[in-house]
Structures are given as C-alpha cells and as structure tokens.
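> Sequence and computational prediction follow.
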Amino acid sequence: METQALPALPDASALRPIHPGIRKVWLASAVVGALFLAAVLAGFCFLMGPRLGLTRVAAALIGLGIGFLPLLRSVLLVDQQYKAWGYLLTDHELVARWGVFWRTARYVPRDAVQHVDINQGPIDRQLGLAQVVVFTAATGNAVVTIPGLPHAEAQELRNSLLPKPEEEAALTPPPPPLP
Amino acid sequence: MRLHPLSIITGIFAMLRQFLGFIVVAVALALMGERERSSPIDLLFWFVFPVVLSIVASGISYLSTHFQLTPEAAILDTGIIWKRRRMVPRARVQEVHLTQNFIQRVLGIVEVKIEGAGSTGSEITLSGVGQEDAESIRAQLTGSHPAFVYQRPEPPEYSLSVGRIVWASLLENRALLVVVGLVGVMMPFLENDRARSRLVDLLFKASSQIDPRGWAFLLVSILVVGWIASVAMGLWQFYGFEIKKHPKGLQITHGLVNLVTRVISVRRVQQVIVAQGLLYRIFRLHSVRVKAAGVEVSEKVVSGQGFLSPAATDGEVPDLVRLVFPEAEEADVGEWRPLSRLAPWIGAVGTLLSVAFLPLVAWFLANLIDAATEGTLRSRLPALFDERFWYVSGGLALLAALVSFGRTRTIRYRQAGGLLQWRRGQVSRLSLTSPVSRLQFVEVSQSPLERWFRTASTTCAFPGTEISIEILPTEAATELRDQCLDVRSQHPGRGV
C-alpha cells in the first residue's frame, strides 16, 4: 500500500521537499519528550509497583519502557514523515502535503493569506532552519505550518506569500469618500 | 365612499358603551335574580334593548354615512332624517390622525380623523375604513402640502406573525420530552413494588408514595407550565421579527422588551444553516440561521450566528437564502451528488470502533486502579464490570454505528452557481450553504481506512466556518477541490 501512487493527493515528489535536517529536529524533540514521559512514568511505577505485585525496580523499568515507546515510533517513521512532506507555491495557491498514515493536502489561495510567521526553535537555530506558519481568516489557528526550511528560503517564501503594496491596494477597496 | 362594513361592529361596541348603565343594571338583576324574583321581562328590557338599539343604530349610521374627497374639500354626509354635511377645505386640513383601538386592530380597520383649522366642529371622523383606504386618504390630504409628501414605508422583506412565533415555540418546547421521560422512568416503579432497588427507593421515596392521580396532575402541570414558559420565551425573543433592506445589508429586528436590531453585511455572511428537527419536519417549518465572521450589532463587530428566521415555512426558505446569496437561483440548477457508496459503512465502522474503545479504556483503567488500591473499587461497586456492562456498551456502540450509517447515507453535496452546499437527514434535516468566492483553503485528506477503500475527504474552509465532505470517491474529491479552487481564482480578494 505504501508505494502505491495516490490519485487524491499530490505525490510528495511532485512538490518541493523540505530540508533533510528536519529529521534531526524531530528526533531531538522526540528524545526530549520521551525522556520527560519516561521519567514521569518510571516514577509513578516505582511508587505503585508493590501494590501491583512487582518489585519497585522492575516496575520502574516497565514504566521507562512504556515512556520510550513514542520515541521508537518516531525513530521508525522519521524518514517516511520527511518524505511525506512537500510544499509548492503556484500562481494561485500554496500547496502543502504531509502525513504518513493520515495524509493531508491543503490548498491556500494566495490572496487569502492574512499573515505569515517565521518560527525558530533552539534546535532549528543550531541547524539554520525555520518554520513558516501561514494564517488565513478561516479560523483562529494556523492553516499551514511548513517545518524545516532553510532560513533564507523561509524568508523568500514569506515575501512571495505576502502581497506587494500595489496588490494590497487592489485587494482592499478604498473607503467611500466622506460626505 | 362608504365606510368599511366592519365599522358596524366597532359602532356597536361604541354604542354599547353609552348604555353601560343599562348593562350594569341587567347584570345586577341577573345576580340578584333568585332573591328578588325579578321577572325575565325586566332582564330583557335592561339587556336586550340596548344591544338591539346599538345594532340598529350602528347599521343605520353605516348606511347613511358617505365620505368623499373632492379637489377642494373633504366632505362627510350623515343622517337620514336630519341630514348633515360637514366640509373641511383641503387648504385648511391641519392634521390627519389614523388610530386603531384593540377591536379595530383585530378587525383590520382604521379610524381616520381629519382636523381642519378652527375650534370644535371643524373635524371629520370616519369611524372605520380599510387600512389601504386610510393611508390613501392621508396621502391625498397631506400630500397637497409640499412639506408633507407622503411616503409609504418600505414593506419588510420578511416578517413573522405572532401566531407563527407562538406555534413554533410550542413545537420547540421540550417539556413533552421531560414528561415522557419521567413516565418512562417511573412506570416500572409505580406498578411493581419488587422492582425497587434500595437506590431507587432512596431517590424516589417521596414520589412513589403519591397516588397515580397526583402523578398525572404533576405531569400535566409540567407540560402546561413548560408550554407557557416556552411561548413566553419565544415571544420575548422573537416578537415583531422582521428583515428589512438596509444600506449596509440586511437589518433584522426582533424582541418584545429588549429590541434587538442587527445589521448583517450580506457580503460577510459565510454560511446559511437550515435546520429542521423532527417536530419542525412534521409541521413543515425550518430554522434558518446565518453565520458570519463579523456580525454587526449596532455598529460593533461581534462574531457569531444570527437567525434569519426561527420558523420559516417551506416556501419561505428559498427566498430567505436568496436574500443573503442572490446567486442561489443559479445554484438550484446543480445536481445533488452522493458520497462514495462505501461512506456509510466506513462511517459506521469508524463510529463502532471509537465508541467501543471507550468502555475498553474504562475497564482497563478500573482494573488498574483496582489492582493498585487492592480491590477497594471492586468491593465498593461490585456490579460495575459484570456481563451487563459489556452488553450495554456493546449495544450503545452498535446503536451509534447504526445512527451514523443512516445519517451518512443521506448526505448529499453540490457545487454550482458559486455556492457549495451540503445537506443530510431523513428524520431531522440540516443543510449548509457557503459562497465559494470567500474560500480560505481547501483540504484533501485520507485516513488509512479511506485509502484502503480508495476514498478521500474534502474540506472547504471559509472565514469562521467550514464545510467538510467526508468519504468521497477519490476522483470526486479531487474534482471538487479543483472546481472550488477554480471558482475561487475568479474572485480575487480576502473574502472577509
């Protein structure tokens, strides 16, 4: 199933890929998350172990193991996740596609864009990457979050997404003249 | 011109007021009848005489009254034996009063008073003419002054009668459900003593001792109070509901005590929602709401929903939709398209899995807590996770899956005339309509299950709302996406 081309969604290879360094970012944040979860679970199991009929150490180890399960999932899927990501700026729309199991493609008309953020986490900054977040009037939340773009490319994408002053004037009709 | 024939009735009431003394005496005689042994003839005289006199007099007055408007004056002729003509020259007309008392309002007639310059006697009173005639008389008389050019007020685009509001409030009332529910819960306990468990006994100790007649009375009074309350609420909120054209869009006014005037900018309406519950379905009513990213309430921008009509009939719904989306007429040509044939099955399986998942989690957590607390939970709630738990949760999951199957089967969508429409429902109905020109983004997505069956879902997002069409054949999903993006590219702009 995985290799089969999908007619409904554009193939990621037809779009622009994101930077491969993003895999390091995802892994690093997965490790941080897993460490935190494992610590909490291990502590909980350490305390509750005797009640479940286990020794404290064995229970703590089980908790640790459960805590690291999401990390295992990230490690196994990070390549697939990277390959599933793609974006493209066409004449009319910004297209973004992501997801390994649950796959999504979003098409944002260029003139619907309200504002654009560029975010950089600590690991992003180390690798010179940035995240482009596109907002429309649709809801309060971001519409598209494109991770792992080199900083220069992110800025270029933002600049081409936002309308130039003369286009802006065409988008917003002038206010009616005062009586 | 004669007066309106219904003015005879108001005439009778007006005459009867003159005979008020007679009627008071008649009533007093009737009340004291037994003690005083007053003869029926007395009663006849005091009561029937004034009534008959009023009717005759009022009839004569109707037949003998003629009114005319000549180029020079307003002329009123009255009387059969003593004829009288009263003239008010047009140039002297000071004021024209139109008034309606309660009875006149019910009958739909208006009292017109034409006042000339001068003291008493220089006025003409027409005790009852039709509404149209009254306004035309006023227009003709006051229109001669250039300063008072008569302008008929614009009729509202849409209005709700008091009767419709009351009727809809009765249907909206949930008291009936409460009563049916209470009867359902109480029946076994009222009939079967052994069915009472300790818990039920504790909860309903007082109520189970009331006799059945008391119960019936209680239930009926809940029903009646519920209905009265619901009608009162409906009138409070929607009395005088009307929609008028406004320079900035549509002006919706309603309310009995608190008058709400809401102006909706038509260009900012993002969705029209037409809903029909079971009772509304039976009586052919619909609730029509608009969703806007910004609804202007007296110039303040507030986001939210507003009613276009809380109770519109079948025929009014298309007109209301057209008020907001003028392009709706072209959209009617479009053909409603179904989802993938597999959609109900996929939806049902998805629902079954997600609903069945909850009791499993509950069972797992309860066992974990039970083990951790050395069986205190199990000893407290012995019957929590026996066979019945699994039967009930399995049954609920199956029921939810069945409902989901039936609902999904009725979903249709269409994209025509620049509008995207979605509807569902056999028993209760819902339909959503949004303008594609204000599209914010399109999303096509596939879950693993959808991929297996070669289906996909398309979601169109508009400012503050969205229409999600789930589980389409992949070709239809991409076609819809392309159509929507195509229409959108012909309407540049933010769409807000």
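Nice, I can see it.

> to the chain's geometric centre, what's the distance from the helix or strand hosting B:V225?
Per DSSP states H and E: B:V225 is located in helix B:212-238. The gap between where helix B:212-238 is centred and where its chain is centred comes out at 19 Å by C-alpha atoms, centre = their mean, to the nearest Å.

> residues near the residue nearest to B:S265 when sequence neighbours are not counted, how many?
Sequence neighbours aside, B:G249 is the residue nearest to B:S265 in space, at 4.3 Å (criterion: C-beta to C-beta, 6 or more residues apart in numbering or on different chains). Bear in mind the C-beta positions are built from the backbone N, C-alpha and C, glycine included. As a burial measure, B:G249 scores 19 neighbours (other C-beta atoms under 10 Å in any protein chain shown).

> low-scoring stretches of the chain, by residue?
Reading this off chain A. A:1-8, A:139-141, A:166-179 (pLDDT under 70).

> try chain B instead
B:32-40, B:42-43, B:118-121, B:143-153, B:175-176, B:183-212, B:214-215, B:293-304, B:374-386, B:493-496.

> partner residues bridging B:R414?
B:Q421 (DSSP bridges).

> domain assignment for chain A?
A:19-83, A:86-171 (automatic domain parsing).

> if you compare the ones you listed, which one is most tucked away?
domain A:86-171 (a mean of 17; mean count of other C-beta atoms under 10 Å in any protein chain shown).

> Scan chain B for its longest helix.
For chain B, the longest helix by residue count, based on DSSP state H, is helix B:343-372.

> picking that back up, which strands and helices sit next to the helix holding B:V225?
helix B:162-172, helix B:175-191, strand B:300-313 (3 or more C-beta pairs under 8 Å, 6 or more residues apart in numbering or on different chains; DSSP states H and E).

> re earlier: same list (the domains of chain A) but as TSV, adding distance to chain B.
As requested, those are arranged in TSV below (distance: least, C-beta to the nearest C-beta, whole Å):
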stretch	distance to chain B
domain A:19-83	5
domain A:86-171	4
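
> B:T459: which of those is closest?
domain A:86-171 (8.9 Å; C-beta to C-beta).

> Any idea how far that closest one is from the middle of the chain?
Using C-alpha atoms, centre = their mean, the offset of domain A:86-171 from its chain centre is 11 Å.

> do the same with stretch B:393-404
That offset, for stretch B:393-404, works out to 33 Å (C-alpha atoms, centre = their mean).

> For it, could you pull out the residues that count as buried?
Across stretch B:393-404, burial judged by 16 or more other C-beta atoms under 10 Å in any protein chain shown covers B:393, B:397, B:400-401, B:404.

> Pull the most distant pair out of the residues you listed.
That would be B:S393 and B:S404, which, of the buried residues of stretch B:393-404, are the farthest apart (C-beta to C-beta) at 16.3 Å.

> Contacts only, for B:A477.
A:8, B:444, B:455-458, B:469 (C-beta atoms under 8 Å, 6 or more residues apart in numbering or on different chains).

> So which of the residues you listed sit within strands?
Those of the contacts of B:A477 mapping onto strands are B:444, B:455-458, B:469, per DSSP state E.
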